[in-house]
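Visitor: fold the following, please.
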Amino acid sequence: MTADTTLKQRAIMKLVRQFGHPRGGAGRLVGRVMAHRRSNRQRSIWAVSVLEIRPTDRVLEIGFGPGVAIAELARRATQGQVHGIDHSEVMVRQAGRRNAAAIRAHRVRLAHASVDEPPSFDEPLDAILAVNSVGFWPDPVERLRRLRGLLRPGGRIALATQPRCPGATQSTTARAARELQDMLTQAGFTEIRVETLELDPPVACVVAATASAVPEQA
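Guide: This next block holds a predicted model:
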């Protein structure tokens, strides 16, 4: 392996890490790529549609990046509240600019925070969304258990994944979806199903719910 090859590989790995935690000038560039790449926009808007957001829903997106899905959530939850957390200050700023009007109207609230320590919410949430972010979470099953506690009975969660590793195929996406299904099952979610968007590689969105409230006995 030549020195030039080694330097090139290091540069590629440095850029890849930026997608997990964008920082500085490179992070701003990564944010623009995520916001304007056509497949990314399709993926985010489609994942929101799978959640079937209602006008009054209270929704949380984890790892919102440049805020494309946040904008779509706000477009649908017109009488509700859209929350977002991201551990990248660069992404908080970019998403804030993209959703400035909804933030001024107090319909969107974005926070610089991680899934390890999410902010408190005044009321239970109706839905939670995470797009290509679970792979960066430490102990994802435990994090999903905590998120389940933030949802109202019958609340929904959607975890979307589109593998970006070199040579990713339909099989790669299918394996990633099975891993997410297993995590959700271990975390206590029910009614798990998988939806697929045929991009290259495909996007899988694993949707699950919390247990509904048990009716009181007469």
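
Visitor: name the SS class of Gly84, please.
Guide: What DSSP: H, G, I helix; E, B strand; the rest coil gives for Gly84 is strand.

Visitor: quick one: it and Gly96 touch, right?
Guide: No: assessed by CB atoms under 8 Å, Gly84 is found out of contact with Gly96, at 9.6 Å. Where C-beta positions appear, they are placed from N, C-alpha and C, glycine not excepted.

Visitor: just want to know which of the two has more residues nearby.
Guide: The residue with more neighbours, out of Gly84 and Gly96, is Gly84; 27 against 15, by other CB atoms under 10 Å.

Visitor: grab the nearest non-local neighbour of that one.
Guide: Sequence neighbours aside, Phe64 is the residue nearest to Gly84 in space, at 4.1 Å (criterion: CB to CB, 6 or more residues apart in numbering).

Visitor: buried sites along stretch 73-83?
Guide: Leu73, Ala74, Arg76, Ala77, Gly80, Gln81, Val82, His83 (16 or more other CB atoms under 10 Å).

Visitor: and stretch 39-58, by the same measure?
Guide: Buried, per 16+ other CB under 10 Å, within stretch 39-58: 40-41, 43-48, 50-51, 53, 57-58.

Visitor: low-confidence ranges in the protein?
Guide: For the chain, applying pLDDT under 70 flags the ranges 1-37, 213-218.

Visitor: which helix or strand contains the residue nearest in space to the middle of it?
Guide: By CA atoms, centre = their mean, the chain has its centre lying nearest to Ala130, at 1.9 Å. For Ala130, the host element (DSSP states H and E) is strand 125-131.

Visitor: so where's the longest strand in this protein?
Guide: strand 151-161 (DSSP state E).

Visitor: in it, what counts as buried?
Guide: Leu151, Gly155, Arg156, Ile157, Ala158, Leu159, Ala160, Thr161.

Visitor: quick one: the helices in this structure?
Guide: Assigned by DSSP state H, the helices in the chain fall at 3-20, 24-36, 38-50, 68-76, 89-98, 100-104, 140-148, 170-186.

Visitor: what pairs with the strand holding Ala130, parallel or antiparallel?
Guide: Looking at strand 125-131 with DSSP bridges, its partner strands are strand 58-62 (parallel), strand 151-161 (parallel).

Visitor: next, the angle from that strand to helix 68-76.
Guide: 150 degrees (axes from the mean of the first three to the mean of the last three CA atoms, to 10 degrees).

Visitor: now Pro163, nearest residue through space, not along the chain?
Guide: Thr172 (4.5 Å).

Visitor: the one you found contacts Cys165, correct?
Guide: Yes: Thr172 lies in contact with Cys165 (CB under 8 Å); the separation is 7.0 Å.

Visitor: hmm, who's touching the longest strand of the chain?
Guide: Residues from elsewhere that reach strand 151-161, judged by CB atoms under 8 Å, 6 or more residues apart in numbering: 43, 46-47, 50-52, 124-132, 134-135, 144, 147-148, 173, 176-177, 180, 184, 189, 203-213.

Visitor: again, but for stretch 180-199
Guide: 39, 42-43, 46, 50, 134, 140-142, 144-145, 147-148, 157, 159, 161-162, 173, 177, 202-211.

Visitor: brilliant, that's me finished.
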